[in-house]
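[1] A predicted structure for the sequence below; I have some questions about it.
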Amino acid sequence: NGETYIATESHLNIFHNNTITVFPLPAPESAKQNVRSLTYDKNKNIWAGTWDCGIYKIEDKKTTRYGKNEGLTVDGVYCFLEDAEHNYWIGTDGAGAAKLGKQTFTSIREQNGLPDEMVLSMCKTKAGQWWFGHDGGVTFYDGKTYKLFDSKNGLTDEKVWDVMEDTEGNIWIATFGSGIFKYVKGNFTNYNDKKGLSSNNVRSIFQDSKGRIWIGTGAGLNLFNGNTFKIFTTKDGLASQRILCFYEDRKKTLWIGSSGGGLVKVIEENGSIKFKNYTEKEGLADNVVLCISEDNEGNIWTANFGGISKVNPKTGEIKNIAKKDGLASNTVYALAFSDATHLLIGTNSGIDKLDISEFNKTGKVALTHFGKDEGFSGVECNTNSVLKDDDGRIWFGTVKGAFIYDQAFDKPNEKKPETFILNLRLFYEKFD
C-alpha cells in the first residue's frame, strides 16, 4: 500500500502520503524501542529487531513479540532471515543465531521464568498444571506464572527427587533428607522416619492402579495405606533395598528399579507380596536401574549405568544395547516411547532414538542422536525425569531445564541445498 517503515533509535515509524507517524510496539516502559533491523518474510509480514525487546512480527498492523519468554537467550536482535524451508533465523546480540519455527525440541528454562534449571522430576496434573522438582525446592506452574516452594515457605528439604499427583488430586513430594510431603490446598504435611518411613532419603513415589502408594527409599520399599508404612527389605526377597523408580505395565504388574539389585518384578499371590529379581547374573546390562518403560509387545526396557536392557517377561530373555553398539553413552537416565516403534533414550550425553521395530525383528541397532547441534541443549538428562503428555510430546528433565521433544517436527529434511559455484580452478589456475 505504499507505506515505508523506518527504524530509528527511539521508535518504529511509517512514512505514507508525505506524513511520518509512530508505529507503537508493545513493550515495557523501561524499553528503549531502539529498532535495529527491518525485514519482511515471504508472506509480506514485517519483522522488526530491537535493542532490548527481542523481535516483533507485524502482520496486518498486529504485532507479536518474541523475546526471552518465547525462548530467546537475549532480547537484543541484530538481524532476521527466512530460509528455503521457511524457518526463521534471528541474529542476536551476543548469543548467536536462534531458530524460530518448527523445532523438534523446545525448552523451559530460566529465561522463561523457571526458578531453577536443574529439573530432577516433573508432574503434570489432571488440571493441566505442572510441578518441577529441583535441587532447590519444587516449582508450581499454572501456565502463566511460576511459584517456587522451598525451605522458606513449606519444605524442610529442598532437594526434590520425585513429584506425583494421586487420584484425589493431592501432590506428593519425595525429598532427599526429609521424607515425603503431601500438599493439599496450600498446606504441607510431612511423613518421615519418625512416623514409620524406613528412611528420609526418598527417591521415588508412585500410586498404582489399585490406589496404593509405593515409596522407594535408600533403606527399603514402603507401602503406605494413608496411616502406616509396610516396609520390605532384602529380608523379604529384594536384591537391594535402595529403590530408585517404579513402573506399572499394561497387565497391572508393578516393576521396580533399584541400585545394586537390578530390576524387580512384584508378584502378588493370595494376598502376599513376593519379588523376582533380574540382575547382571540373568543378563541385565547393569544392577543399577534408573528408569523403566514398556513396548507394545510387553517387553520391559530399563535404563542402566551399562546402557539399556530389554527384558522379555514371558521367556526371561534379556538383550542389551551399549555404547559399543552406538549409544551416545552407557550412562542412561531416562526412557520413553514416542510411538510404537521408537524409544527415546536420555543419557548424560544427549538423547538417542532407537528403532525398536528393527531391533526386535533383526537385532540391528538403528539410532538417531540428538545433541546440541540437533536442538537438544539440555546436555545431560536426569534420573527418571521424563514423562509423556496428552499431546504425545516427551518431556525430559535436564541440568539445563525441561526439554520437550515433539515427534511431529522430527522429520528428515528432504529439500536439497542450493549450490553456488563461485569460481573454477584447473591445476590450481583460474579456469573460465
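    Yep, that arrived.
[2] and for residue 257, the neighbour number?
    Neighbour count for residue 257, taken as other Cβ atoms under 10 Å: 27. All C-beta spots, glycine's among them, are computed from the backbone N, C-alpha and C.
[3] just residue 220 next, same as before
    Residues lying near residue 220 (other Cβ under 10 Å) number 23.
[4] okay, the closest residue to it other than its chain neighbours: pLDDT?
    Spatial nearest neighbour of residue 220, excluding adjacent residues (Cβ to Cβ, 6 or more residues apart in numbering): residue 198 at 3.9 Å. The model reports residue 198 with a pLDDT of 98.
[5] likewise residue 375?
    Among the per-residue scores, residue 375 holds a pLDDT of 83.
[6] and for residue 184?
    Note on residue 184: pLDDT of 96.
[7] test my guess that the residue nearest to residue 220 contacts residue 217.
    Yes. Using Cβ atoms under 8 Å, residue 198 is in contact with residue 217, at 5.2 Å.
[8] rewinding a little: tally of neighbours for the residue nearest to residue 220?
    The tally of other residues near residue 198 (other Cβ under 10 Å) stands at 23.
[9] if I look at it, how far off is residue 366?
    43 Å (Cβ to Cβ, to the nearest Å).
[10] for the stretch 151-300 of the chain, give me the ranges with low pLDDT.
    Applying pLDDT under 70 to the stretch 151-300 of the chain flags no residue at all.
[11] quick one: neighbours of the nearest residue to residue 252 once chain neighbours are set aside, just the number.
    In space, and not counting its chain neighbours, residue 252 is closest to residue 209: 5.1 Å by Cβ to Cβ, 6+ apart. Counted by other Cβ under 10 Å, the residues lying close to residue 209 total 9.
[12] now residue 42
    Residue 42 has 7 neighbouring residues, counting by other Cβ under 10 Å.
[13] for the residue nearest to residue 220, give me its contacts.
    For residue 198, the contacting residues are 217, 219-222, 229, 231, 233, by Cβ atoms under 8 Å, 6 or more residues apart in numbering.
[14] quick check: which element contains it?
    Following DSSP states H and E, one finds residue 198 outside all helices and strands.
[15] use 125 as the first number from now on
    OK, 125 is where the count begins now, so the last one is residue 322.
[16] distance of it relative to residue 355?
    Taking Cβ to Cβ as the measure, residue 322 falls 5 Å from residue 355.
[17] could you do residue 232 as well?
    As judged by Cβ to Cβ, residue 232 and residue 355 stand 37 Å apart.
[18] ok, residue 129 next?
    According to Cβ to Cβ, residue 129 stands 70 Å off from residue 355.
[19] the more surrounded of residue 232 and residue 355?
    The residue with more neighbours, out of residue 232 and residue 355, is residue 232; 22 against 19, by other Cβ under 10 Å.
[20] how about residue 235, secondary structure?
    Here residue 235 is helix, with the state taken from DSSP: H, G, I helix; E, B strand; the rest coil.
[21] if you skip the residues just before and after it, what's nearest to it?
    Leaving aside its sequence neighbours, residue 235 sits nearest to residue 192 (Cβ to Cβ, 6+ apart; 4.1 Å).
[22] give me the neighbour count for the one you found.
    A count of neighbours around residue 192, defined by other Cβ under 10 Å, yields 16.
[23] give me the beta-bridge partners of the residue lying closest to residue 446 once chain neighbours are set aside?
    Counting by Cβ to Cβ, 6+ apart, residue 446 lies nearest to residue 431, which is 3.5 Å off, once chain neighbours are set aside. Listed beta-bridge partners, residue 431: residue 428 (assigned using DSSP bridges).
[24] and the pLDDT for residue 431?
    Confidence at residue 431, expressed as pLDDT, is 98.
[25] that one and residue 384: what is the separation?
    Residue 431 sits 17 Å away from residue 384, going by Cβ to Cβ.
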